[in-house]
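Novice: Give me a 3D structure for the following:
(2 chains)
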Amino acid sequence: MDQYFLNLMADLREQEVLDLTKEKIASGVDHLEILDSARAAMEIVGKRFEVGEYFLPDLIMAGEILRGVSELVKPYIKQKEETKKKGRVIIATVEGDIHDIGKDIVVFMLDVNGYEVYDLGVDVPAKRIVEKIKDVSPQVVGLSGFLTLAFDAMKKTVEEIERAGLRDVIKIMIGGGQIDERVREYVKADAYGKDAIAAVNLCKKWI
Amino acid sequence: MKTVLYGPRGKELIIGDDVPTVIIGERINPFGKNGIKEALEKRDIDPILRVAEEQISDGADALNISVGAFGIDETSVLPFVVENITKRFDVPLCLESRNPLAIKRALDIGCGKPLINSVSGETHVMEGLLPIIKAYKTAVVLIASDGKGIPKDSDSRLKIIKDILEQTDRENIPREDIIVDAIVDSVALNAKAALNTFETMKMVKREWNLNLILGASNISYGLPQRSFINIVFLSTAINYGLTCAITNPRILKPYIMASDLIAGKDVLARRYISFCKALKSR
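Specialist: Now for the predicted structure:
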């Protein structure tokens, strides 16, 4: 792992990171090694965010840089590798709620971290989520909601998933402004996450 | 346009272009770290009354009351809080809820003429709240969002407001009793968030000359040192016709006083000077 590259990226120095990536590619450095360093840098970014050193725009900036690096190495990735995503995740804001900012950040961060993300949008009925689970067999389902009434919709969604006999084959994470352990218990989700970094960490743990 | 609110014992509050920008104290809500949530859960009114009193002494003209959170039954807790606050203070209220029963029960207590916050373009929200607003002759905040979320562009926001206005007209709710929230996203992720809001405000002013309200906290979500942003945002919004802000008076009051002065709302700086004198003697 290239510590210099890693630090540049963790410090969000976009242009320098992209230039160095081009140099590395030109001098024949293995693209997987570049991606490894980039992902390690994302871990550091996540930690800095968690301790309050980085803020929401920093997180998105880091994601943009990772996306830029991925674009640069893409032509060198063999077809077989490219289709190899880390895992499949369904994300939706539950029925009755339309808040999408937090959900969109989660989708973005999971995507740049190498997960196949199916974003079902907002105000998504339980039935549609169940259908999508049957359709793509994800390892993780993430339910988002900001309003208090979203918690009932989340609970209902988990029940529907259970009724369809799919509860044991997936992990369910929930997130949204007011969610805490008590809400998780009420909804009967496997875990809750405070932010997009938490969502990424949960998926890493589960998949 | 002139909107008039009343406290439970008749204290009058005017919202409009030619009067000082009204500050509605935001702090009675279950989302902060000030112990309100726990107090609401335990129905312990003292911490809530304390926050009410602090905000009034910090210069709040009215108080926003928001109690909706997981595990809290708005239909009983909102009336409980309203009853206790009105017993103690003659201050106009802003009731933040979409639950018609909670609002109705709170209004039955008799809290003067409050502001109901808020009615969106969703049919079930309009159908639930507008008849109550009409029957109790309250004022109301119309918010530029609908079942699809908050539109990014000002034209779509204006369209939603127009649709809600059609319904309020049908219910014969007077235009004076309507205040529009042009709504704002965080500038953390959307660089044009504030500009979209200002553009919407300009259009609402031009089309209907209605009073305008904003909450100050969304704008800075996800960013450090949020009050810097909140201060500049609200101060700028005053120049776009904001007549009413839901915010923390302790932080924002001085800046709103200064903004009013700059916006030409404080002739010979009478209010600004007396505010500063009071600060000095504190």
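
Novice: Let me see the ranges of the strands in the stretch 101-250 of chain B.
Specialist: Counting by DSSP state E, counting those that start in this stretch, the stretch 101-250 of chain B has strands at residues B:115-119, B:139-143, B:178-181, B:211-215, B:242-247.

Novice: Same question for chain A.
Specialist: Using DSSP state E, the strands assigned to chain A run over residues A:88-93, A:116-119, A:140-144, A:171-175, A:191-193.

Novice: ok so, going back, which among the strands of the stretch 101-250 of chain B is found nearest to chain A?
Specialist: Chain A lies closest, by CB to the nearest CB, to one member of the strands of the stretch 101-250 of chain B: strand B:139-143, at 12.2 Å. Where you see a C-beta, it was placed from the backbone N, CA and C, and this is true even at glycine.

Novice: hmm, back to that, now tabulate the strands of chain A in TSV and tack on mean pLDDT, mean neighbour count and distance to A:His99.
Specialist: Shown next, in TSV, are the strands of chain A (pLDDT from 0 to 100; neighbours: other CB atoms under 10 Å in any protein chain shown; distance: least, CB to CB, whole Å):
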stretch	mean pLDDT	mean neighbour count	distance to A:His99
strand A:88-93	97	26	6
strand A:116-119	96	19	14
strand A:140-144	97	28	7
strand A:171-175	97	23	11
strand A:191-193	96	21	15
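
Novice: Among the ones you listed, which comes closest to A:Leu35?
Specialist: Of all these, strand A:116-119 sits nearest to A:Leu35, with 16.3 Å by CB to CB.

Novice: packing partners for the closest one?
Specialist: If you count contacts as 3 or more CB pairs under 8 Å, 6 or more residues apart in numbering or on different chains; DSSP states H and E, strand A:116-119 packs onto strand A:88-93, helix A:101-112.

Novice: how far is it from where the chain is centred?
Specialist: Strand A:116-119 has its C-alpha centroid displaced from the chain centroid by 9 Å (CA atoms, centre = their mean, to the nearest Å).

Novice: Also stretch B:27-44?
Specialist: The answer for stretch B:27-44 is 19 Å, by CA atoms, centre = their mean.

Novice: Which residue is the nearest non-sequential neighbour of the closest residue to chain A within the stretch 1-150 of chain B?
Specialist: Nearest residue of the stretch 1-150 of chain B to chain A (CB to the nearest CB) works out as B:Gly149 at 4.2 Å. Closest residue to B:Gly149 apart from its sequence neighbours, by CB to CB, 6 or more residues apart in numbering or on different chains: A:Ile98 at 4.2 Å.

Novice: wait, doesn't that neighbour sit right on A:Val124?
Specialist: No - A:Ile98 lies out of contact with A:Val124 (CB atoms under 8 Å); the separation is 10.4 Å.

Novice: more crowded one of the two?
Specialist: Taking other CB atoms under 10 Å in any protein chain shown, A:Ile98 and A:Val124 do not tie; A:Val124 has more neighbours (23 against 20).

Novice: show me the residues around that one that make contact.
Specialist: Each residue near A:Val124 by CB atoms under 8 Å, 6 or more residues apart in numbering or on different chains is listed here: A:Ala92, A:Thr93, A:Val94, A:Glu95.

Novice: Next up, the contacts around the residue of chain A positioned farthest from its centre.
Specialist: When distances to the mean C-alpha position of chain A are computed (CA atoms, centre = their mean), the maximum falls on A:Ser27, with 31.7 Å. If you count contacts by CB under 8 Å, 6+ apart, A:Ser27 has none.

Novice: which bits of chain A sit near chain B?
Specialist: Neighbours of chain B within chain A, by CB under 8 Å from any CB of the partner chain: A:55-57, A:60, A:98-101, A:105, A:122-123, A:148, A:151, A:177-178, A:180, A:182-183, A:186.

Novice: So which of these sit within helices?
Specialist: Under the assignment DSSP state H, the residues of chain A next to chain B contribute A:Leu56, A:Pro57, A:Ile60, A:Ile101, A:Ile105, A:Phe151, A:Arg182, A:Val183, A:Tyr186 to helices.

Novice: can you put these in TSV and add pLDDT, neighbour count and distance to B:Ser154?
Specialist: Converted to TSV, these look like this (pLDDT from 0 to 100; neighbours: other CB atoms under 10 Å in any protein chain shown; distance: CB to CB, whole Å):
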residue	pLDDT	neighbour count	distance to B:Ser154
A:Leu56	92	20	24
A:Pro57	95	16	23
A:Ile60	92	19	24
A:Ile101	85	21	19
A:Ile105	91	22	24
A:Phe151	94	25	33
A:Arg182	92	12	39
A:Val183	94	22	35
A:Tyr186	96	17	39
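
Novice: between the residues you listed, which is closest to chain B?
Specialist: A:Leu56 (3.0 Å).

Novice: Please tell me I have it right and B:Ala193 contacts B:Ile219.
Specialist: Yes - if you go by CB under 8 Å, B:Ala193 and B:Ile219 touch, sitting 6.8 Å apart.

Novice: shared neighbours, those two?
Specialist: With CB under 8 Å, 6+ apart, B:Ala193 and B:Ile219 have common neighbours B:Val184, B:Asp185, B:Ser186, B:Val187.

Novice: Counting neighbours, which of those residues comes out on top?
Specialist: B:Val184 (27 neighbours).

Novice: Surely that one and B:Ala194 touch.
Specialist: Yes - the pair B:Val184 / B:Ala194 is scored as a contact, 6.3 Å apart, by CB under 8 Å.

Novice: what about residue 176, how many neighbours?
Specialist: If you meant another chain, say so; for now it's chain A. 24.

Novice: My question was about chain B, not that one.
Specialist: 15.

Novice: my read: it touches B:Ile15, true?
Specialist: No - look at B:Glu176 against B:Ile15 with CB under 8 Å: they stay out of range, at 9.5 Å.

Novice: what is in contact with those two at once?
Specialist: Listed as contacting both B:Glu176 and B:Ile15 by CB under 8 Å, 6+ apart are B:Lys2, B:Thr3, B:Val4.

Novice: Report the contact partners of the closest residue in space to B:Ser217 that isn't next to it in sequence.
Specialist: Distance criterion CB to CB, 6+ apart; nearest residue to B:Ser217, sequence neighbours excluded, is B:Asn230 at 6.6 Å. Counting by CB under 8 Å, 6+ apart, B:Asn230 touches B:Ala216, B:Ser217, B:Ile219, B:Ser220, B:Thr247, B:Ile251, B:Leu252.

Novice: Pull up the gap between A:Ser144 and A:Gly175, please.
Specialist: A:Ser144 is 5 Å from A:Gly175, where distance means CB to CB, to the nearest Å.

Novice: next one: B:Gly16
Specialist: According to CB to CB, B:Gly16 and A:Gly175 sit 41 Å apart.

Novice: Check B:Ile72 too.
Specialist: 20 Å.

Novice: A:Ile77 now?
Specialist: Separation of A:Ile77 from A:Gly175 (CB to CB): 31 Å.
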